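Colleague: Build me a model from this:
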Amino acid sequence: MTQIDAARSIPVYREMDRAALDRAYQLGAPTPGTAATLESWRARSDAYRRLHPALLDQAWGPHPRQATDFFDCGVAGAPTLLFIHGGYWQYQQHAREIFSALAAGLVERGVHVALTGYRLAPEAKLAEMIGDIATAVSHLAGLRRAVDADPSRLCVAGRTAGGLLAALAQTLPGVSACLAVSGIFDLEPMRLCFVNDKLGLSADDVAALSPIHRLPPPQARLAVSVGGHELPELRRQSADYAAACRAAGVDCRLRELSGHNHFTILDELAVADGALAVEAMRLLECNL
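Modeller: This is a model prediction of the structure:
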């Protein structure tokens, strides 16, 4: 064994060396049908956007990703859900546009749905992305006023990287609830694996920006969901975050959705009777 090989085999996180840790967070490769699933989302979302073109691409910054799509349910006084896409904060193929079809189920149930973008690494640091979400939430208040939405009911939801951004957005003005799906809540393994090649996290960033170190207040309305067929590290992160929130007095509901992987779990948000759609309705205090 060479010195380089020996160095690579040294445990860096939870008894995993760098290669094992990289594999532990490789989302697409071990999940069958990933490319087909993403292409299906793109086709469904293109069709949904053609049917609802009125409030697309509402810019709140100069960058093309600094924009929000808003889908109006047509109900006065309705609550709103804001969805933040994932992609480990760097994958260009992940964007708000390809997940527009997520809005269909909740819009059908009388909930406004918005999807926002944000700048990605290496162009932006994670702290800047968190700032982007704060700006998007502030801008969304104007869109909600324009359709007479309930100003007191806004659930911020996100998956993976978006789960972290949603968790940190819980304390923003106007946010009433959070639905974190398969989220990243502890940035330490991100700092030590391939994700950080572009993200550039420091140890100080991990301490300052990890949701598990910035728990919501006890009165928070929070739900954490993860697929039963997801990577073990994602299931562990969700369980650890939910446990930490509960220990801090937060009424956090943790659900593992059996039969779902990291990509199919979003189907439960896209249909009116899906498990995540129902969870969102509960968080928004809607009649079920």
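Colleague: so who does Leu115 touch?
Modeller: For Leu115, the contact set (CB atoms under 8 Å, 6 or more residues apart in numbering) comprises 68-69, 82-85, 96, 99-100, 102-103. Bear in mind the C-beta positions are built from the backbone N, C-alpha and C, glycine included.
Colleague: Among those residues, which one sits closest to Ala242?
Modeller: Ile84 (18.9 Å; CB to CB).
Colleague: Okay, and Gln26 sits in which element?
Modeller: Counting by DSSP states H and E, there is no helix or strand that carries Gln26.
Colleague: And the strands in the stretch 101-250 of the chain, which stretches?
Modeller: Ranges of strands in the stretch 101-250 of the chain, per DSSP state E, counting those that start in this stretch, are 112-116, 154-159, 177-181, 222-227.
Colleague: Nearest approach to Cys245 belongs to which of the ones you listed?
Modeller: strand 222-227 (6.3 Å).
Colleague: so what's the closest residue to Arg221 other than its chain neighbours up against?
Modeller: With sequence-adjacent residues excluded and distances taken as CB to CB, 6 or more residues apart in numbering, Arg221 is closest to Ala177, at 3.8 Å. The contact partners of Ala177, taken as CB under 8 Å, 6+ apart, are 153-156, 170, 220-223, 283-284.
Colleague: hey, which helix is longest across this structure?
Modeller: In terms of residue count, the longest helix belonging to the chain (DSSP state H) is helix 126-146.
Colleague: between the strands of the stretch 101-250 of the chain, which gets nearest to Tyr48?
Modeller: Closest among these, using CB to CB: strand 112-116, at 10.4 Å.
Colleague: and the angle for that closest one with strand 154-159?
Modeller: 50 degrees (axes from the mean of the first three to the mean of the last three CA atoms, to 10 degrees).
Colleague: quick one: strands adjacent to strand 112-116?
Modeller: strand 67-71 (antiparallel), strand 80-84 (parallel) (DSSP bridges).
Colleague: Could you give the separation of it from the chain centroid?
Modeller: 12 Å (CA atoms, centre = their mean, to the nearest Å).
Colleague: tell me the average confidence for that strand?
Modeller: Strand 112-116 carries an average pLDDT of 98.
Colleague: So Glu108 sits against Ala270, correct?
Modeller: No. Counting by CB atoms under 8 Å, Glu108 stays clear of Ala270, with 10.3 Å between them.
Colleague: Pick out whichever of these two has more residues nearby.
Modeller: Here Glu108 and Ala270 are compared on neighbour count by other CB atoms under 10 Å; more neighbours surround Ala270, at 21 against 13.
Colleague: Can you check the pLDDT for that one?
Modeller: 96.
Colleague: That one: what's it in contact with?
Modeller: Applying CB under 8 Å, 6+ apart, the residues near Ala270 are 44, 101-102, 104-105, 277.
Colleague: Name the nearest of the residues you listed relative to Trp60.
Modeller: Leu102 (19.9 Å).
Colleague: Pull the number of nearby residues for Leu154.
Modeller: 26.
Colleague: and it, bridged to which residues?
Modeller: Under the criterion used here (DSSP bridges), Leu154 is bridged to Thr80.
Colleague: Does it touch Val175 like I think?
Modeller: Yes. Contact criterion CB under 8 Å: Leu154 and Val175 qualify, at 5.3 Å.
Colleague: Since that was my last question, I'll sign off now.
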